[in-house]
Structures are given as C-alpha cells and as structure tokens.
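K.L.:
predicted structure and sequence below. I'll ask about it afterward.
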Amino acid sequence: MALRDLSEILLTREPGDSLPPRQELAHEIGVGVGTLTRALDALIADDAVVLKSVQGAGTVVEAIDYVALWRFAGRSILRGQLPMNLSVQMEAIEVAVGQSIAASSLDVAMVYREGATRRMRAVEEGMADFAIVSSRAAATWRPTSPRPAAFRSCSHGCRRPACCTTTR
C-alpha cells in the first residue's frame with residue numbers, strides 16, 4: 001500500500017521538485033518512516049524515480065519514469081478526454097498524445113466530450129486522467145473542490161504529465 005500511495009504522490013511531481021521530509025511524507029500516506037524508506041528504495045531500484053540530496057533543499061527529484069510510477073500506483077488504463085470538434089491544431093495534438101501513449105505501452109481509453117469545463121471536471125472528479133483543452137480554458141478553470149494533486153499550479157493549471165495538454 002505504501003508503494004502505491006507513494007507512487008501516486010510522485011506522479012504529481014516533476015524533475016527539480018523537492019520532496020517533503022520523510023517523516024512528513026510517511027505521515028501523509030499513513031506509514032512509518034521505515035516503510036516509506038523501503039517503498040522509496042523499491043522505486044529507486046526499479047528506476048521509477050531518481051532522487052538527489054541537496055543541502056538546504058532536502059531530497060530533490062532528479063528524474064521520473066512516469067510509466068513505471070503509473071504501474072506502481074496500480075493504474076491500468078490511462079483515461080483521456082478530448083474535444084468533440086477537432087480543429088486541425090487539436091487533431092495534431094490528439095495524434096501526438098496518442099503516439100506518445102502508444103510508445104509508453106500503457107493501455108489508453110480516450111473519449112470525446114464537449115466543453116472544456118466538462119473535460120477538466122472529469123479529471124477533477126477522477127473520471128479521467130487527462131483532458132485536452134485550450135490554454136484559455138485552462139487559465140480560466142475554477143475547480144469546484146479544493147485543488148487535487150492533478151491540478152497543482154503550473155503554466156497551464158496542472159502538474160501531472162497526463163493531466164492536460166494545451167494549445168494557444
């Protein structure tokens with residue numbers, strides 16, 4: 001369980017992000033520090049994550065294998081939401097996302113759904129893992145509940161690699 005929960009947390013991180021202290025992280029997932037350390041060691045041994053100790057910054061994520069973490073998190077299918085009316089630009093993004101996912105060997109289920117707000121709400125509610133929306137829609141998105149890990153701040157409203165893709 002610790003391995004799964006830790007993988008979920010790491011899926012929200014990017015290289016360069018600092019991790020909370022081990023005691024805090026262990027408390028967050030409800031395990032002891034020793035159990036957390038064993039889970040981290042397992043992820044490191046499988047090259048799912050590379051961590052580096054930096055004086056003054058603590059433990060920093062150096063590299064992440066999101067596909068490996070996805071599997072450690074117990075997820076099987078990557079679920080996506082795409083716009084109904086595809087412009088040429090959106091269609092190109094859909095093809096690129098599809099090719100990237102196919103190269104990762106993850107199973108994927110993509111559905112077409114009208115309305116950027118509906119697609120982003122599906123991610124917020126856990127019905128989808130990513131949504132393709134315009135940068136304008138992402139910038140104006142106001143979640144209905146406290147921001148989950150999938151929507152932590154970044155340039156377009158998410159942190160998880162499979163959360164959303166934007167266009168201008």
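P.N.:
Sure, I can see it.
K.L.:
ranges for the strands of the chain?
P.N.:
49-54, 58-64, 77-82, 107-112, 130-132, 164-165 (DSSP state E).
K.L.:
what would these look like in TSV with mean pLDDT, mean neighbour count and distance to residue 90?
P.N.:
All C-beta atoms are positioned from the backbone trio N, CA, C, and that covers glycine. Output for the strands of the chain, formatted as TSV (pLDDT from 0 to 100; neighbours: other CB atoms under 10 Å; distance: least, CB to CB, whole Å):
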stretch	mean pLDDT	mean neighbour count	distance to residue 90
strand 49-54	92	14	32
strand 58-64	91	15	27
strand 77-82	86	20	8
strand 107-112	84	14	11
strand 130-132	87	26	7
strand 164-165	42	26	9
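K.L.:
distance to residue 38 added to those, as JSON lines?
P.N.:
Below are those laid out as JSON lines (distance: least, CB to CB, whole Å):
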{"stretch": "strand 49-54", "distance to residue 38": "14"}
{"stretch": "strand 58-64", "distance to residue 38": "16"}
{"stretch": "strand 77-82", "distance to residue 38": "27"}
{"stretch": "strand 107-112", "distance to residue 38": "29"}
{"stretch": "strand 130-132", "distance to residue 38": "31"}
{"stretch": "strand 164-165", "distance to residue 38": "33"}
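K.L.:
right, and the ones you listed - which one's nearest residue 5?
P.N.:
strand 49-54 (14.0 Å; CB to CB).
K.L.:
which helix runs longest in the protein?
P.N.:
Assignment by DSSP state H gives helix 88-104 as the longest helix of the chain.
K.L.:
before we move on, back to that, out of the strands of the chain, flag the one nearest residue 98.
P.N.:
strand 107-112 (7.4 Å).
K.L.:
report the distance from that closest one to the chain centre.
P.N.:
On the basis of CA atoms, centre = their mean, to the nearest Å, strand 107-112 sits 16 Å off its chain's mean C-alpha point.
K.L.:
so what are the sheet partners of it and their directions?
P.N.:
Strand 107-112 has its sheet partners listed here by DSSP bridges as strand 77-82 (parallel).
K.L.:
just the residues contacting the partner strand, thanks.
P.N.:
By CB atoms under 8 Å, 6 or more residues apart in numbering, the residues outside strand 77-82 that reach it are 70, 90, 94, 97, 101, 106-113, 118-119, 122-123, 127-132, 162.
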